[in-house]
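> Return a 3D structure for these sequence lines:
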Amino acid sequence: MNQNSRPDGAEIVEAGLLLRPWRAEDAEDVRRACQDPGIQRWTRVPSPYRLEDAIDFVTTRAPRAWSTGSGTPFAVCDAATGELLGSCGLITIDPVLRSGEVGYWTAPWARGRGVAVRATRAVSRWAFEELGLRRITWQAEVGNHASRLIALRAGFQVDGRLRLADPRPGGSQDGWVGSLLPDDLAGTDPDQADGGRPADGPAGSGSLPARRAVVFAAPQPMLFARAADGTELRLRPLHEADLDAIVATCRDPESIRWTTVPDPYQRSDAEFFVHEHGPTVWRRGTGAVFAIADASDGYAGVMELRISPSDPLVGDLGFVVAPQARGRGYCPAAAAAVSAWGFTALNLARIEWRANAGNTASRRAVEKAGFTIEGTARHALHHRGTRVDAWVGALLPGDLGLSADPGRPGHHRPDRVGGRPGADG
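Residues are numbered from 1 along each chain as shown. Below you'll find the predicted structure:
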């Protein structure tokens, strides 16, 4: 490091922020900020967070990082008032690769003001210019969509997933990783809103990944639909109370015939689907799994909309309907509602459906929802040990009277169900 990176000399003023080394008098504000459940959930700060933890950070650990060259922890303050707004800096530095990893948090009282985005850009610019770094990386636990949104708005390219080397206690080892090069800073807007709070809605300005990060940072929504028989339907996250009905549905001969549910289907399979599969899909930002619930909140099936891993503008719709709910128009209404949500909230341009050729109940359901059957794909699906032909259909935004421009803002609608299209009525 050069002289600008010494604890007594490093100071950055940019975009209304003052970034400076931590001071002993910051301890109480750090303690107060780190009581925030979000900071405790997604970072490695001690929990419970005590004043002595804050004192140790500002007087010992932060100065040591500067003196050893292992990091550059900055206090992020309002340039005009000096108020502490957050923390941002390089948490590791590799002098051989000339690469560093950024870390940040925003104090609860400062969110929604673009603090983390502006601070991350300022630290990155300083690191490139003053420290001569060639790359800055970012990592976060999968599910921390607020941190992901900040990174995207600061210009990082989120490159994929990896298993974290040092996950937080009690956290997942599944992580996102991103990187920033000097040229990336030129293409981002320093005035973008902070990702600490999804204030601008899922279809707000910014890149498609950033818009989706806002969607998945919020709790999974509830959607509403009206079946052909007039029943008001809700599409909601799966609940513990759905387990028995899921088991009964997946042991039904028609479900086994047309879907790939385990056979024999055990209660443990349902528990995994409710407690692991559904939440994981939402946490990863790859789609949503919804229970179809009737007017009394009784389980009537499940519907999943998954974003294609090969084309981010294409979704895949699948569903299974409970035997007692078949033939009542529940599935077409749910499919239309979930698809509308996919077009408007996720900005999909096309939603596809596939089912084993011969599954006429599933085909009728999607046709009633507005899908166009596009043909038969030979040996397109793997079904219980063999390749089978598949009927293929698709729905476009215009089929539901929505804008065909996937970049335009839309209205939110609840989402989806897991698995390939199955037995319906």
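> pLDDT averaged over stretch 311-330 - what is it?
When pLDDT is averaged along stretch 311-330, the result is 96.
> now swap in stretch 353-373 and tell me
97.
> Show me what counts as buried in it.
For stretch 353-373, a neighbour-count test (16 or more other CB atoms under 10 Å) marks 353-357, 359, 361-363, 365-366, 368-371 as buried. For the C-beta atoms, the positions are set from N, CA and C on the backbone; glycine is no exception.
> Give me the contacts around that stretch.
228, 254, 258, 316-319, 321, 326, 329, 331-333, 335-336, 339, 376-377, 380-381, 383, 388-395, 399-400, 420-425 (CB atoms under 8 Å, 6 or more residues apart in numbering).
> cool, and stretch 271-288?
Contacts of stretch 271-288 (CB under 8 Å, 6+ apart): 142-143, 145, 148, 161, 174, 212-213, 215-216, 220, 237-240, 242-243, 246, 289, 302, 304-307, 309, 315, 414-416, 418.
> in the stretch 201-350 of the chain, which spans are helices?
Assigned by DSSP state H, counting those that start in this stretch, the helices in the stretch 201-350 of the chain fall at 208-217, 243-250, 253-258, 267-272, 278-284, 330-344.
> And the host helix or strand of H382, how far out from the chain middle?
Using DSSP states H and E, H382 falls within strand 372-383. Distance, stretch centre to chain centre, for strand 372-383: 30 Å (CA atoms, centre = their mean, to the nearest Å).
> just stretch 364-371 next, same as before
The chain centre lies 29 Å from the centre of stretch 364-371; the measure is CA atoms, centre = their mean.
> From E367, how far off is W353?
As defined by CB to CB, to the nearest Å, W353 lies at a distance of 10 Å from E367.
> Looks to me like A394 is in a strand.
Yes: judged by DSSP: H, G, I helix; E, B strand; the rest coil, A394 forms part of a strand.
> contacting residues for it?
R350, I351, E352, W353, F371, T372, E374.
> Which of the three states applies to the second one?
Assigned state for I351: strand (three-state reduction, three-state DSSP).
> Tell me what it is bridged to.
I351 has these beta-bridge partners by DSSP bridges: G315, L395.
> That one - how many residues pack around it?
By the criterion of other CB atoms under 10 Å, I351 has 31 neighbours.
> Please verify my assumption that it contacts F343.
Yes: the pair formed by I351 and F343 meets the contact definition of CB atoms under 8 Å, at 7.5 Å.
> returning to what we had before: would you list the buried entries among the contacts of stretch 353-373?
254, 258, 316-319, 321, 326, 329, 331-333, 335-336, 339, 381, 388, 390-395, 399-400, 420-425.
> Below-threshold pLDDT in this protein: ranges please.
By pLDDT under 70, the low-scoring segments of the chain are 1-9, 187-206, 403-425.
> What pairs with the strand holding H382, parallel or antiparallel?
In the sheet, strand 372-383 lines up with strand 386-395 (antiparallel) (DSSP bridges).
> tilt between the partner strand and helix 330-344?
Interaxial angle of strand 386-395 relative to helix 330-344 (axes from the mean of the first three to the mean of the last three CA atoms, to 10 degrees): 70 degrees.
> Would you confirm that A228 contacts A333?
Yes: under the criterion of CB under 8 Å, A228 makes contact with A333 at 7.0 Å.
> any common contacting residues for these two?
Residues within reach of A228 and of A333 at once, by CB under 8 Å, 6+ apart: there are none.
> Quick check: G38 is in a helix.
Yes: with three-state DSSP as the criterion, G38 is assigned to a helix.
> where's the spatially closest residue to it that is not a sequence neighbour relative to L152, distance?
With CB to CB, 6 or more residues apart in numbering as the criterion, G38 has its nearest non-adjacent residue at 7.2 Å, and that residue is A146. Between A146 and L152 the distance is 11 Å, computed by CB to CB.
> For the closest residue to P95 other than its chain neighbours, what are phi and psi?
Sequence neighbours aside, G69 is the residue nearest to P95 in space, at 7.3 Å (criterion: CB to CB, 6+ apart). Main-chain torsions, G69, degrees, to the nearest 10: phi 80, psi 10.
> G69: how many residues sit nearby?
12.
> nearest residue to G329 other than its sequence neighbours?
A228 (2.8 Å).
> I misspoke; the intended subject was R121.
Nearest to R121 is A154, by CB to CB, 6+ apart, at 5.2 Å.
> so the one you found sits right up against R125, yeah?
No: using CB under 8 Å, A154 is not in contact with R125, being 10.3 Å away.
> out of the two, which sits in the busier spot?
A154 (29 against 15).
> ok, that one to R364 distance?
Plainly put, A154 is 48 Å away from R364 if you go by CB to CB.
> Next: G375.
According to CB to CB, G375 and R364 sit 17 Å apart.
> what does F128 give?
Counting by CB to CB, the gap from F128 to R364 is 59 Å.
> likewise L18?
From L18 across to R364, the span is 64 Å (CB to CB).
> Next: G175.
Applying CB to CB to G175 and R364 gives a distance of 43 Å.
> Equivalent analysis for A210, please.
Counting by CB to CB, the separation of A210 from R364 is 38 Å.
> and if you look at R234?
23 Å.
> now do R326
For R326 relative to R364 (CB to CB), the value is 11 Å.
> Please apply the same query to A227.
14 Å.
> Equivalent analysis for L149, please.
40 Å.
> just to revisit the earlier point, right, and the residue nearest to P95 touches T92 too?
No: counting by CB under 8 Å, G69 does not reach T92; the two are 10.6 Å apart.
> Domain-wise, how is the protein divided?
3-217, 223-400 (automatic domain parsing).
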